[in-house]
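In: Provided below for reference: sequence and predicted model.
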2 protein chains.
Amino acid sequence: MKISSRGEYSLRALIVLGRHNDQVIPISEIAAQTLVPVHYLEQILLQLKMHGFVKSKRGAQGGYTLRKQPEEICIGEVVRKLEGPLAPMGCVSLTSYESCPLEQNCLLKPLWGLIRDTIAQVLDNTTLGDLLTGNLEMQRIGGVTYV
Amino acid sequence: MKISSRGEYSLRALIVLGRHNDQVIPISEIAAQTLVPVHYLEQILLQLKMHGFVKSKRGAQGGYTLRKQPEEICIGEVVRKLEGPLAPMGCVSLTSYESCPLEQNCLLKPLWGLIRDTIAQVLDNTTLGDLLTGNLEMQRIGGVTYV
DNA sequence: TAAAATCCTAACTAAACCACTCGGGAATGT
DNA sequence: ACATTCCCGAGTGGTTTAGTTAGGATTTTA
């Protein structure tokens, strides 16, 4: 159930950009703060750009900036785009469903569905803004504090 | 965030054994019901045996049986043993912690911790018995129904 | 006691995936 | 013009996954 380095690194990069809101930060600087190899980070930032989370400026004094406000960047969305589906199995994935021959009366499917839902519940209710302010204790499910 | 085939297959096998409680079922029969290749399933059952979830009997009329009652088999434990840690990152894993240079004031760690906790909450409060009876709606967190 | 059924053990492998690296090109500011 | 920065595509070494292959050990049954 691990998250890959792409997912982790992209969130690290967004956090750096969110900290210096509206400033243009060159890749080299982001790499220094995130400890991600420059060329690898380059790929990741291009993906983040392609998906509309950041924008770039070329040339001297160029670099990257957030495209939206931190409060408007949903972590669940970032993870889905950079990392892949949240569901632990294709049979319960909303974004990339895959059928399974046992699916009809599978006793596991409800379990995987529950796992998917709990992960989505957390990630879809967290924004980059929440991460920046350390506001995770606010996470609730059904009105009851969660952690 | 996918679960691997080993994790899925081992739960499928336990479900088959749980359905025919106390009967000795040969691998070939389990394979037929789970759609897992016989020789691969063999490896998985050996692991399940090694970890004390099932027992085996050799020779003609031999096969596998659950070692405990279905209600005593914790799904979280099975997944941890067959699949690996529940945590999405080493920095928040209780069973196989790995340090990270950014850990000190990492804004992501609390998020990963929350994810780990929610997954563990579900899997550690589900038994094989729950799967067999379809009792997942009983899953609750903080006294509030969850799904 | 021989044969058949079953589990046990270890090594091997093909394909996919991951985490990068490398080389060069295109735009922009000074 | 030149330095700086992002952009793009291909390559690569290592690990993991999902098995396969081959043969051995134990038990039941005839």
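Out: Here it is on my side, so go on.

In: In chain A, which residue sits closest to DNA strand C?
Out: Using CB to the nearest atom of the strand, the single residue of chain A nearest to DNA strand C is A:Gly59, 2.6 Å away. (Each C-beta comes from the backbone N, C-alpha and C, glycine too.)

In: State whether A:Tyr64 is indeed within a helix.
Out: No: with DSSP: H, G, I helix; E, B strand; the rest coil as the criterion, A:Tyr64 is located in strand rather than a helix.

In: Stretch A:78-92 and DNA strand D in contact?
Out: No: Stretch A:78-92 lies out of reach of DNA strand D by CB under 7 Å from any atom of the strand, never closer than 10.6 Å.

In: no, scratch that, I was asking about stretch A:97-111
Out: No: using CB under 7 Å from any atom of the strand, stretch A:97-111 stays clear of DNA strand D, coming no nearer than 12.1 Å.

In: all helices for chain A, in order.
Out: A:5-19, A:27-34, A:38-50, A:75-83, A:109-124, A:128-133 (DSSP state H).

In: the bottom helix or strand of chain A by mean pLDDT?
Out: Between all helices and strands in chain A, the lowest mean by mean pLDDT, DSSP states H and E belongs to strand A:144-145, at a mean of 46.

In: still on that earlier bit, with mean neighbour count as new columns, can the helices of chain A be given to me in CSV?
Out: Listed next are those as CSV, based on neighbours: other CB atoms under 10 Å in any protein chain shown:
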stretch, mean neighbour count
helix A:5-19, 21
helix A:27-34, 17
helix A:38-50, 16
helix A:75-83, 20
helix A:109-124, 20
helix A:128-133, 18
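
In: For these, give me TSV that also has distance to chain B and mean pLDDT.
Out: Formatted as TSV, the helices of chain A follow (distance: least, CB to the nearest CB, whole Å; pLDDT from 0 to 100):
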stretch	distance to chain B	mean pLDDT
helix A:5-19	5	98
helix A:27-34	8	98
helix A:38-50	14	98
helix A:75-83	7	97
helix A:109-124	5	96
helix A:128-133	5	97
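
In: Please name whichever of these is nearest to B:Val16.
Out: With CB to CB as the measure, helix A:109-124 is the member of the helices of chain A nearest B:Val16 (15.7 Å).

In: now for the closest one, which elements pack on it?
Out: helix A:75-83, helix B:109-124 (3 or more CB pairs under 8 Å, 6 or more residues apart in numbering or on different chains; DSSP states H and E).

In: Since that was my last question, I'll sign off now.
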